[in-house]
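**Q** Give me a 3D structure for the following:
(2 chains)
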2 protein chains.
Amino acid sequence: MKKINLLLTPGPTPVPSEALAVMSEPIFHHRTPQYRKIFSAVSEDLKKVFRTRESVFTFTGSGTVGMEAGVVNFCSPGDRVLVIEAGKFGERWREIAESHLLKVISLKAEYGDVISKEVVRSTLKKNKDVKAVFGTLCETSTGALFDIQGIAAQTKGTDAIFVVDAISGLASDRLEMDAWGVDVVVSGSQKGLMLPPGLAFLAANEKARKRIKEAKCPRYYVDLLRYDSALQKQDTPFTPAITIVLALRVVLDKILAEGMEGVWSRTERLAKFVRRRVHDLGLELFTNHLANTLTALKVPGEINGEELISVMRDQRGVTIAGGQGSMSGKVMRIAHFGLVSEKDLGVGLRILEKTLKEFQAGSKSVKRLKVCK
Amino acid sequence: MKKINLLLTPGPTPVPSEALAVMSEPIFHHRTPQYRKIFSAVSEDLKKVFRTRESVFTFTGSGTVGMEAGVVNFCSPGDRVLVIEAGKFGERWREIAESHLLKVISLKAEYGDVISKEVVRSTLKKNKDVKAVFGTLCETSTGALFDIQGIAAQTKGTDAIFVVDAISGLASDRLEMDAWGVDVVVSGSQKGLMLPPGLAFLAANEKARKRIKEAKCPRYYVDLLRYDSALQKQDTPFTPAITIVLALRVVLDKILAEGMEGVWSRTERLAKFVRRRVHDLGLELFTNHLANTLTALKVPGEINGEELISVMRDQRGVTIAGGQGSMSGKVMRIAHFGLVSEKDLGVGLRILEKTLKEFQAGSKSVKRLKVCK
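**A** Residues are numbered from 1 along each chain as shown, chains lettered A, B, ... in the order given. Predicted structure coming up:
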């Protein structure tokens, strides 16, 4: 029997075999018509995924490079900004903003909770000098979906731009950059785009772009003016992660063939499937603000969640994610987007059920097996 | 007859097939014992390539991420620094330093030239407040090798740290970080390490590391304190370019099996081979300060270098590099490190010879062929 090898984590996610294949072809140079043609095409096609007419810039780096670009290109030291934080990635916005000497007003909620548009509206009303609001589409650490459309409506008509981390969420939960009036959207390669980590993306509308020249946060690698003038020549200012860009060409074909509405309804269907199954298993959801990207579950009873996840992964070939930071051991997270199918999720949940039962029965055999590995 | 496909550019360089192969295997999660074990091993083995006992930090990004990390982690706005610039990548040091509001003393020489240790010594003597000297091992834009050992001896005993861009040069031209007393070395994945672009590296000794806490340049993604504490747990602070790290495991095995002395003498032998051949062809070297990493040649006579390079690449399958920035059309650059063999170089040079002759004869057929492509 072939050993199961199921990756059900919210990034990295399984990479389509066609995309893996292009990454193993002999490499070629990026300052060539051959590469420029591909880069130019993916830059155009990314707009369809971001649902924008604006340029989408590609950085070589982790998603956090895109987030830092989303701060330093639009702000100056001392600027007052609003950060919406109710999880690890909301906190990251605050950390980045503070690192760059911005004055942060933090709208904080418990992990698993969200911040409503009403709270954002009243905070903006009391703080007219706020230059930017930083939020998250899907908070990967909790599985919570934020009301991006609602919040965008609050920043419209104010001086503040709305910068959204859609690193997880893009191409899994609905995001309409232009229609909703989101000013800046940031994303990464290893989530809904089904690629290995290594690329970050940023799109900015005119309201945001007007800020770039006056923004005084010191920057070089993520300076959008460099990316903008390079993009005019179908190029990046610095050597790109060529192999991942080639793979991007492949996955964009796949995504656009299905269409964004198709992608979103598929992830919604899978999310509902997972929630029915976990309800049957008597497991409790970690958040009431359910994203379609992933499901976060409370680890039941006295079980050590990290241990459970290790057993599932190392003995049974199913990788789900645990809790991050203070959530370690208390949360299990299952992704249901990208290549992941209902069948995969069914198998993963059966193995979760089996492993949970063993842990609940306090089966020593599981632990012995683990040590032997 | 199989079409030739020879990549003789100084980055990206051909990637070994074993390394390409691991990048096309199903991806797995990085917060796992499986990944940590590999990351920990490559972090150790990189020390042998950097010739240091210090930690080598891995960033996801272009080489420039490593350069920016080499500036902002060790300096504060207003600091006086010395930049050695005689080519595009020396200029990049200045641009990064100026972006971060450092006061730059520029030691400038013509493209193809170098700055001597004596000039560095006398400049440091006159400017005791200099906090850092930024230099380049091999200036990729000109093929010039700098006297890193000699310059390091000048910063020793001063307050200044010496930060070296060895993005091209590492694992091709000799660099002895600890023995020479270089304080910070920066590199990237797509040169001597024979990988696709996407990883940058930085090693810093104690003199440099002492600076990190007091360095006030705002930073987040490249903040070394985050990388240092993550490395204690065989981890990176942000999602790494997993596939390229797995390929790094493969190429490090290859490099360390040959040994650094073996690598350096091989590139020296290849460099000499190329120079004998180009001498026979009557071509003029662009620099007198010859690196073993690459050879830069003057484009002879009235020939348009960019056109020549296009014909070689698009019609004959041999990719060499042209001139960067103001050198465009005037310089041809041939790399001779990594996977490139004497046979490859022989073929590449024969095709260069043939194409040059056609251009010199003003053969219209070449241009016609080009247009038809």
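
**Q** CA only for contacts and neighbour counts going forward, please
**A** OK.

**Q** Straight-line length of stretch A:287-300, end to end?
**A** 15 Å (Cα to Cα, to the nearest Å).

**Q** Same check on stretch A:97-113?
**A** For stretch A:97-113, the end-to-end distance is 22 Å (Cα to Cα).

**Q** Hmm, residue A:290 is touching residue A:143, no?
**A** Yes: contact status for residue A:290 versus residue A:143: in contact at 6.5 Å, counting by Cα atoms under 8 Å.

**Q** count of residues packed around residue A:109?
**A** If you count neighbours by other Cα atoms under 10 Å in any protein chain shown, residue A:109 ends up with 14.

**Q** so what's it up against?
**A** Residues near residue A:109 by Cα atoms under 8 Å, 6 or more residues apart in numbering or on different chains: A:85-86, A:115.

**Q** so what are the domain limits for chain A?
**A** Using automatic domain parsing, the domain parsing of chain A gives A:6-13+A:259-372, A:17-257.

**Q** before we move on, back to that, of residue A:290 and residue A:143, who's got more company?
**A** residue A:143 (30 against 21).

**Q** Tell me the pLDDT of residue A:103.
**A** Looking at residue A:103, its pLDDT is 98.

**Q** Just the strands from the stretch 51-200 of chain A, written as ranges.
**A** With DSSP state E, counting those that start in this stretch as the criterion, the stretch 51-200 of chain A has strands at A:56-60, A:80-85, A:103-108, A:132-136, A:138-139, A:144-145, A:161-165, A:184-188, A:199-204.

**Q** What is the nearest of the contacts of residue A:109 to residue B:133?
**A** The nearest member of the contacts of residue A:109 to residue B:133, counting by Cα to Cα, is residue A:85 at 40.5 Å.

**Q** quick one on the thing from earlier: just give me the lowest mean pLDDT stretch among the domains of chain A.
**A** domain A:6-13+A:259-372 (a mean of 92).

**Q** the strands in the stretch 201-350 of chain A, which residues?
**A** A:294-298, A:318-319, A:331-335.

**Q** Dump those to TSV, plus distance to chain B.
**A** Shown next, in TSV, are the strands of the stretch 201-350 of chain A (distance: least, Cα to the nearest Cα, whole Å):
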stretch	distance to chain B
strand A:294-298	16
strand A:318-319	8
strand A:331-335	13
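
**Q** TSV for these, including mean neighbour count and distance to residue B:9?
**A** Converted to TSV, the strands of the stretch 201-350 of chain A look like this (neighbours: other Cα atoms under 10 Å in any protein chain shown; distance: least, Cα to Cα, whole Å):
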stretch	mean neighbour count	distance to residue B:9
strand A:294-298	24	43
strand A:318-319	24	40
strand A:331-335	26	41
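
**Q** and the stretch 251-373 of chain A, which residues reach chain B?
**A** Neighbours of chain B within the stretch 251-373 of chain A, by Cα under 8 Å from any Cα of the partner chain: residue A:319.

**Q** Okay, residue A:214 and chain B: tell me how far apart.
**A** 14 Å (Cα to the nearest Cα, to the nearest Å).

**Q** Likewise for residue A:73?
**A** Taking Cα to the nearest Cα, one finds residue A:73 at 13 Å from chain B.

**Q** Chain B contacts on the stretch 1-150 of chain A?
**A** Residues of the stretch 1-150 of chain A that fall close to chain B, judged by Cα under 8 Å from any Cα: A:7, A:9, A:11-15, A:17, A:20-21, A:23-29, A:59-65, A:68, A:95-96, A:99-101.

**Q** out of those, which are buried?
**A** A:7, A:9, A:11-15, A:20-21, A:23-24, A:26-29, A:59-65, A:68, A:95-96, A:99-101 (16 or more other Cα atoms under 10 Å in any protein chain shown).

**Q** Helices of chain A, residue ranges please.
**A** For chain A, the helices defined by DSSP state H occupy A:17-23, A:33-50, A:63-72, A:88-99, A:117-126, A:148-155, A:177-180, A:206-212, A:224-231, A:242-258, A:260-280, A:305-316, A:342-360, A:364-372.

**Q** Quick check: which of the ones you listed is buried the most?
**A** Highest mean neighbour count of the helices of chain A: helix A:63-72, a mean of 26 (counted as mean count of other Cα atoms under 10 Å in any protein chain shown).

**Q** packing partners for it?
**A** Counting contacts by 3 or more Cα pairs under 8 Å, 6 or more residues apart in numbering or on different chains; DSSP states H and E, helix A:63-72 packs against helix A:88-99, strand A:184-188, strand A:199-204.

**Q** quick one, which of these is nearest to residue B:77?
**A** Of all the helices and strands packed on helix A:63-72, helix A:88-99 comes closest under Cα to Cα, at 14.3 Å.

**Q** thinking again about what came up before, just so I know, which of the strands of the stretch 201-350 of chain A lies nearest residue B:204?
**A** strand A:318-319 (35.7 Å).

**Q** about what we covered before: now the strands of the stretch 51-200 of chain A in CSV, with distance to residue B:273?
**A** Output for the strands of the stretch 51-200 of chain A, formatted as CSV (distance: least, Cα to Cα, whole Å):
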stretch, distance to residue B:273
strand A:56-60, 35
strand A:80-85, 60
strand A:103-108, 60
strand A:132-136, 56
strand A:138-139, 57
strand A:144-145, 61
strand A:161-165, 52
strand A:184-188, 44
strand A:199-204, 39
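
**Q** got a list of what residue A:260 touches?
**A** Residue A:260 neighbours (Cα under 8 Å, 6+ apart): A:49, A:171.

**Q** Just give me the residue right at the centre of chain A.
**A** residue A:168 (1.6 Å; Cα atoms, centre = their mean).

**Q** which ones are touching that residue?
**A** A:10-11, A:137-140, A:187-188, A:191-192, A:293.

**Q** one more time with 10 Å
**A** Each residue near residue A:168 by Cα atoms under 10 Å, 6 or more residues apart in numbering or on different chains is listed here: A:10-11, A:63, A:136-140, A:143, A:186-193, A:293-294, A:337.

**Q** Repeat that for residue A:56.
**A** A:42-50, A:185-186, A:201-204, A:227-228, A:231.

**Q** let's see 7 Å
**A** If you count contacts by Cα atoms under 7 Å, 6 or more residues apart in numbering or on different chains, residue A:56 has them with A:43, A:46-47, A:201-203.

**Q** right, and the helices of chain A - which one's nearest residue B:73?
**A** Closest among those, using Cα to Cα: helix A:88-99, at 12.6 Å.

**Q** what residues does stretch A:86-97 touch?
**A** Contacts of stretch A:86-97 (Cα under 7 Å, 6+ apart): A:68, A:71, A:83-85, A:104, A:108-114, A:134-136, A:139, A:141-142, B:220.

**Q** neighbours around residue A:238, how many?
**A** Neighbours of residue A:238 (other Cα under 10 Å): 17.

**Q** just to revisit the earlier point, I'd like to know which of the contacts of residue A:109 is nearest to residue B:318.
**A** residue A:85 (52.5 Å).

**Q** Spatially nearest residue to residue A:204, not counting backbone neighbours?
**A** residue A:184 (4.4 Å; Cα to Cα, 6 or more residues apart in numbering or on different chains).

**Q** and which of the contacts of residue A:56 is nearest chain B?
**A** residue A:201 (12.9 Å; Cα to the nearest Cα).

**Q** Could you give the number of residues near residue A:330?
**A** 20.

**Q** dump the residue contacts of it.
**A** Counting by Cα under 7 Å, 6+ apart, residue A:330 has contacts A:298-299, A:305, A:323.

**Q** Report the spatially closest residue to it, excluding sequence-adjacent ones.
**A** In this structure, residue A:330 finds its nearest non-sequential neighbour in residue A:299, 5.1 Å apart by Cα to Cα, 6+ apart.
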